[in-house]
Each structure stands twice: as structure tokens, then as C-alpha cells.
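Trainee: Need coordinates for the below:
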Amino acid sequence: MFSDERKDGSPRFGKLHFPVGLWINSPKKHFAKLGRRWPSVGSVKSTSSDTASRGSEPVEMRPATKNKASRHKRISALFQRGGTGVPTSGGRGRWASEKKLADLIDPLPEDRVEPASQGEVPGILKIYGGDISTGANYKSVLATARSTARQLVQEALERYGVAQANAEDAYVLCDVVGNVHGTDGSWQAQYLRAVGDSERPLVLQDVWKPKTGCTRRFEIRRRCDVERMAEGISQARRQQSRRSRAASGGHVAPKERADNLSLRRSISEMNLSTKRRRDRKGVLSMAVGEPQEAMDVANLEQLSQCLIQPPTEHPYFLQLLGYNEKQEFVIHVMTRRRHIFGRPERCPAPDQSNYVDTFLSAPDILPRHCCVVSSVPPADPSQPRGSAMVRPFRGALITHNGAPLHRQVELAPGDLLGMGQHFLFMYKDPRAAAAPPAWLPKAWVSPGLVGALACQACGRSLQERQEAFRAYLKSREPQLRYRPQEQEALLAEIVRLQEAPNCRLGPAFLFGLCLEHAARELEPGHLPRLIARIAQLVKEAVWEKIKEIGDRQPENQQDKGELGNLSIEEVAADLRPLMLWMANAMELLSLVQKRVLDIEKDLDLEGASHNALLSSDLETCDEAMAVLDEVIMSTFQQSVYYLTKTLYSALPALLDSNPFTATADLSHVPELSSMPEGIQGTLAIYQATLELTRDCDLHPDLVSQTFGYLFFFSNASLFNTLMERGSSHQSLFQWAKAVQIRTNLDLVLDWLQGVGLGDIATEFFRKLSTTANLLCVPKTSLLQTSWSRLRNDYPALTPAQLHHVLTNYQLGPGRVSPECWSPPEKERDEIAHSDIFESFTDHPPLILPCDGFRLRLSEPVSDDTLHRQLIRLRRFLWELERESLPANQRAVYGLDPSQ
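Mentor: Below you'll find the model as predicted:
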């Protein structure tokens, strides 16, 4: 069966030449005439092949008719037209010569056939039989001018060893045309025609030659396969004819459509003169039907009335202005839910996404200009229907009720839709309730405050305009109106806003409002440029902060007489701007990604024919998002660098301090001041970092990864110090020191558990905790434990690390390690060549979050600090806009921001 999906450029549909438009006569009668006057051009693709005789390319087939006379007419008409078959390679003609085939079809009378003695010599005919014997090449049979196809089939079957009775009835001789190509010299079939039983193959081979570059050969195929393909052709032809009655031509070339418009008639043409009929042959726009849907005769007859009266069941467009009104219809009916306007192309693209419903022949019309989607019928018939939607394709000049249209909007009945500089349509939907038109003159609204709130053409009084302005200034709605010429000053002001106290996510929020305004009010190409500019400003601000922090480090000071480490309070103050930009960049990246998804949806909807501008926009947005990624990565790296630099000097006290001193009060472990002095420094750094991340509203995932890196560094630093000092004279590998280390570590983990970081700490402190547990095992029990048991009980330690701990364990004077601690022979080589220290390069990677963001641009502003900043920016923009007005007009509006 043929697929209902339209295959543009396919040999099945590329040359059907069915007329476009609507038919007035009985479709059955009209197509009956068409069948007698039109050559059979249906074809199907055969994918059957064998390794020796046929390739895998599609094969076009022309079925033979059952009636000899009709076959005569069809084949004669076919060859007189120069071959109507459409080759897959795009060739127009099939045969080089154009002679009659009457002598090839009807048997020659015996008295008209010259005897062999008069010069007729038998010839050798190669017949390929891949369907009979897989892998066989061909069989040679003797043939004369009087040999019929049935006789040659019988002889070839004998040569192939087919001894079944009446086997010639199950097979048919096929005339196949193709060419040889490829490195292996394989032969690929392009055309296939079933030869009639009474046709004379040798005469056919002598009279009709293939076109240049092609060769012919004869093949034996099963008759049932050939008839099945012929039936598929008939079904495809009937199905395509039903589609073509209401179609506007799809992707048929303009010249071919113009040649075939003589077959298209309408009711209105019945009373027209012959001259006017000829004038209307160039019409290329007509109501269309769904390519995938077949329409019955009743619907076609009803739609044909649309040429002289509007339809009652379908929405339509009434053409008010056109480019060539003598060749254009006045009514264009929507028979599909999704209706595409566009310009006919000479070389249409083969993909389905380029299907066009109504053609408009004007130089400023794009191949796909705009798309109208009708409303879905409501489930409850008593409910009103929804509105249709119209959206322009990128680069198309569209006006909606006189205003330029850049993005998808609702299309109400009575709306005016302008396309290019020539076409103007009124949208009508007879199914919708009657309503006054929405295109009455209205005040033009500019993106600025003057156009939105202070326009005197709207009829509002001075007091009303002042009240509207004050209401906008104090509004908590997430809205920030500005003009493109004020954008740069606005963005710079937002960047400076980051230094204000308690601002937190203010820059990301205000940048997001700028993106919303650009997406809603400005032309589509402005949004990607705005995203790129915002990302660049954020990057410049972050780079400046990083440089300032580096200059304040003690090792970079000019006076290096007294070098000292910065306190955690000083480090946190320096890192606060970086943390704020990290939090804002993360929120801003989320807002940008949402806008990029909208652009990608537009690209998918518009297809591949108009993706140049959208692809450029996506590239710009991708580069901007890469800049924001770099900002987040840099701020994260700088933050953990300075925090770990501070931790490095505080961590060793955790190994050396004794938590069991008289000043330590272990009953109040949640209180930092009651902790042992040896771990207070480390916990103070953790606490300052936690407060810093909360104060900056850092994303929870980034908070977890920040502490994950700090815990990774703490574990690796403490473990390496423990392993290094374990082999020195100040060995820590003894039970007494291990108990102190274990207690300090437990206090740290308990405190972290209390602030919500226990799970992360437990994961990253596993190796240090495992080592402390091993050293806390009583000496007598440890001496009796074997190597294999220790490996199973402490899997976090590598064999080399475990061997190092056991080797340097303090057993007492004169005592040596027991034999059971010795590793097996197969592990000794690995232990000898393995490193016992933890690598700082194996830190966890930074993974950006994909959800859980804080900003909601669709909700009113609830934060008072953020609301004050929004009001300040609105006043700032109004001052800029008022300064651009002439001096004699500034007081006319009566808008004083101090009110």
C-alpha cells in the first residue's frame, strides 16, 4: 500500500500532472475522460533484488493492461509522448526513438513474416532470472522476429530447469532499463515494464533503444509479483486523484502547473468567455485539502461553491488586495487546520515541512511566509470556540491589523492580515460568533513610557496619565519598559546594582525583566544580541572582582615585610561579590535557556527552508550561555581556592589537639564556642562559608558542591598529613593519638550534621574516618587480625595505604609486626609501586543544576528590597526618556517622578 504521506520529489508523485483547484463536473465523469486522454504514469518502487542480476535501487514499473486494444493505446500514447515515466535520476525521456509499436503488440500475419531463408537469422537473447535462481546470472535463448514473449519465457524456464506444468503462466517477461555504476560494476534497474505475451522481444529490442547512458535487459519475474505491483499503482492513482481535486498543487513546478491548468474548471467559469478562461490559466492560489486526508465527492462539490460564495463550514481568507488580481482568487479556504501561505518554488524541497497551502506570486513573498492554525472545536458545543493563531516565518513581512507582526498572536474573525507589500486578507470564520472587527484605529503604543502611559492620542486627561504613571512606578508587577536606545545605560545600571546591600539576586531578576521586554516588545533578532551583551557585561564585572581579590592577597602586597594569612572574615568579605555573581549567573543562565528553548521550537516549526536567521540566533545564544558557564566555573574555582587556602593552615590542629582538656565542654557540641580549641578554626571556616552561601542566595546544588569540594580537600589534606607523620618520629599510628583524632573528627561530623551537611561530610571524610577507626582498634585485637580480614573490614584503604599503616604502627619497643599482617605475594608488587597519598586532582566535577531556581518572573515582586530597586530603575528610565524629549514637551506630559 502506498503511504498517505506526501513524498515530494518521489517518482510516484513528481509527474502525476493532476490539475489543481476544484472541479465542477461529476468527478467520476471528469476522471473517466481524464483516464482516456492522459497517459498512465503511475509507478511503484520495487526493492526486490538479488546479488547477481539486480541492484538495490528503486525500480519504476509500468503495468501491462489486460485488454490488448487498451494496451495498444496506452503504449502507443506513452511512446509518442517521449516516455512519460519519471526516472529516479530526474531524466525526462525514456527512449531515444519515437516509432510506433503497433507491429510489436499485434501478432504479425504469417504471410507478412519473411522466412528465415530471406535473411532472417536467429539472434541470441539473454534472459536474467534472479527470481528463479538466486545467484544465477542469465540464460541465453535463440529468438527470431516471430518469437513471442511467452515462447521465450517457456524456453528460458527450460534452461533454468523449471519443469513444472504450465510454468510459463506463472512467469512474465519484463523489459527492464537501467545502468551500470559503482566500483563493483553492479547493474541498477530504473524502469520495468511487463511485456505482453504476444509481443516480440527481439523486434522490440531492435526498434526501441534506451536513452543515452542506460542499457536494456530482459528479466523473468513471477506474474503474481508484477500484478501485485500493478494493483498498488492503481490504488495510488485513485488515492492521488482524490487528493488532487482540492489541492493547490503542492510542490509541482510552476511551469508544469501552468501547463495543466487547462484541465481545471470551476462553476464561475461556466459563464465566462473563452478569452477570460485563458486569462485565468495562471492562477496558482486555491483552497487546499490536507495532504494526508482523502475528501469525498460531497465535500468537493461543497467546497467548489467557495469560488462564488463564502463557505459556511470552513474558515477562509477574503483577499482585499493582491499582486496580479486578474489571476488571483478572492476567497482562499482553509481545509486544513494548519494553513501555510508561501511563494511557489522552481525546485521545491522534498521534505514534508515545506508543504504550502496557498501560493502567492509576489517578489516579496517568501517560500514559506506565514502559518495560520485554526482553533480546535470545544468539547461542549455550547462553549465558544477558541481563537486561531497566526505566526510569521522568520524574515517574512507580515502586518496584523496594521501593526508589524514578529511573533505568534491570536487571529480573530475580521482581523486584517497583510503579507508583503501587495497582499491584504481579512480572516473570516463562519463557525465563530459574530463580533465587531478589531482593526479599528487605535493609539500606537511604543515600548517607552511616553507611548504606553502618556500618549495624548488615547484621550486620557492629564490627571489620568499622571495616575497611570505613578501606578506603573509603584507596581509590583514584573515589568520593566524601556526603549532600545536606553538599553546600554540600563544594563550598566543593573551591573552597578550588584554592589548595593541586600541586593542578592537583583541583577539576575532585572536582567530577566529586560529579556522579557525584548521578547515581548522588540523585534525577534534583538533578543539574542541582548543575551550576548548581558553575558559579556557579567563576565567583565566578574573578571574585575577576581583581579581586585588577587591584588589584596598578602603575597601580592608591595610591603612583604610581614606576611600573614587573611582571617576567614576577611576572606568571606572578599568572596562575597564572587558568590553573588555566581548565584546571579546561575539564575540568569536558567532564564536564558528558557528563551533558547523557544527559539529552538520556532526553528523546528519553520523547518529547514528558513533556518538561517534562527540558526544564527541560536549560535549567538549558545556563545552567550558558554560565557555564563565560564563565569560560574571561574567564580566557583576562585571561591574554593581562597577557602581551601585558609583551611590549609587550620586543619593540622585537628590531628594534634586533645579534645579531652578541662576547657572543652563536649555536652554542648552544637555551640561553636564550646568546641575544643583545636577544631574551632576549621569549623569557623565551614560556618563562615555556610553563612556566605546563604547570604548570597546561592543555588542549593552549588552550595552542596562547594562544601563537597571543601570536604574533599580537608579529607585529602588530613589523610596525607597523617600518612606522612605516621612514618616519622612523631608517629600518629598509635592507639592514644587515634582516639583523640577520632573524637575530633566525630565532633566535626556531628556539627556538620547539625547544620544539614552531614551526608556530604560523611561521604568525603570516609577515608580519614576509616583510617582513624583502624587505629582505634585495641592493640591486642589488631595483632590477631589477618591481612585479608583487614582488607575486607577497611575497603576504603588501598593495599599500599593499609600496608603503610600496619608497617609503621607503634607496637612498642622491640616488637615487630606479626606475620598475619603480611600481604600475599600477588599484592606485594602493586604495593611497592602504588602511592600512599591522596591526589588533589581527583576532586569532584562541578555539575550545573537544571531545576530548583528561585526567580519567578511571572509572579508579582514580593521582596521589598527588590521592589525598591525596581522602582529606582523605572525612575531612571523615565529620566532618560524625558531628557530625549524636546524642551517644550517635557512639561506637557505632567509626569514628575518625585510624585
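Trainee: how about low-confidence regions in the stretch 501-650 of the chain?
Mentor: Low-confidence segments of the stretch 501-650 of the chain (pLDDT under 70): 556-564, 607-611.
Trainee: Okay, helices next: where are they in it?
Mentor: 506-521, 526-551, 568-606, 612-650 (DSSP state H, counting those that start in this stretch).
Trainee: Point out the most buried one among those.
Mentor: helix 506-521 (a mean of 22; mean count of other C-beta atoms under 10 Å). Where you see a C-beta, it was placed from the backbone N, CA and C, and this is true even at glycine.
Trainee: could you give the angle of that one to helix 568-606?
Mentor: 20 degrees (axes from the mean of the first three to the mean of the last three C-alpha atoms, to 10 degrees).
Trainee: ok so, going back, export the helices of the stretch 501-650 of the chain to CSV and append columns for distance to residue 199.
Mentor: Below are the helices of the stretch 501-650 of the chain laid out as CSV (distance: least, C-beta to C-beta, whole Å):
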stretch, distance to residue 199
helix 506-521, 69
helix 526-551, 66
helix 568-606, 52
helix 612-650, 54
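Trainee: Nearest approach to residue 197 belongs to which of those helices?
Mentor: helix 568-606 (54.1 Å; C-beta to C-beta).
Trainee: Does anything pack onto the closest one? Which helices or strands?
Mentor: helix 506-521, helix 526-551, helix 612-650, helix 677-695, helix 700-726 (3 or more C-beta pairs under 8 Å, 6 or more residues apart in numbering; DSSP states H and E).
Trainee: nearest to residue 774, of those?
Mentor: Among these, helix 700-726 sits nearest to residue 774 (C-beta to C-beta), with 11.1 Å.
Trainee: angle of the following helix or strand past that closest one against helix 700-726?
Mentor: Next in sequence after helix 700-726, counting helices and strands by DSSP states H and E, comes helix 735-754. Interaxial angle, helix 735-754 versus helix 700-726 (the same axes, to 10 degrees): 170 degrees.
Trainee: Using PDB, list the CA coordinates for helix 735-754.
Mentor: Extracted in PDB, the C-alpha atoms of helix 735-754 (Å, rounded to 0.1, in the frame of the first residue of the first chain):
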ATOM      1  CA  TRP A 735      46.000   4.000  69.900                       C
ATOM      2  CA  ALA A 736      46.100   7.000  72.200                       C
ATOM      3  CA  LYS A 737      46.600   9.500  69.300                       C
ATOM      4  CA  ALA A 738      44.000   7.700  67.200                       C
ATOM      5  CA  VAL A 739      41.300   8.100  69.900                       C
ATOM      6  CA  GLN A 740      42.000  11.900  70.000                       C
ATOM      7  CA  ILE A 741      41.800  12.100  66.200                       C
ATOM      8  CA  ARG A 742      38.600  10.000  66.200                       C
ATOM      9  CA  THR A 743      37.000  12.300  68.800                       C
ATOM     10  CA  ASN A 744      37.900  15.500  67.000                       C
ATOM     11  CA  LEU A 745      36.600  14.100  63.700                       C
ATOM     12  CA  ASP A 746      33.300  12.900  65.400                       C
ATOM     13  CA  LEU A 747      32.800  16.400  66.800                       C
ATOM     14  CA  VAL A 748      33.300  18.000  63.400                       C
ATOM     15  CA  LEU A 749      30.900  15.500  61.700                       C
ATOM     16  CA  ASP A 750      28.300  16.000  64.400                       C
ATOM     17  CA  TRP A 751      28.400  19.700  64.000                       C
ATOM     18  CA  LEU A 752      28.100  19.400  60.200                       C
ATOM     19  CA  GLN A 753      25.200  17.100  60.700                       C
ATOM     20  CA  GLY A 754      23.500  19.700  62.800                       C
END
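Trainee: Fine by me, thanks again.
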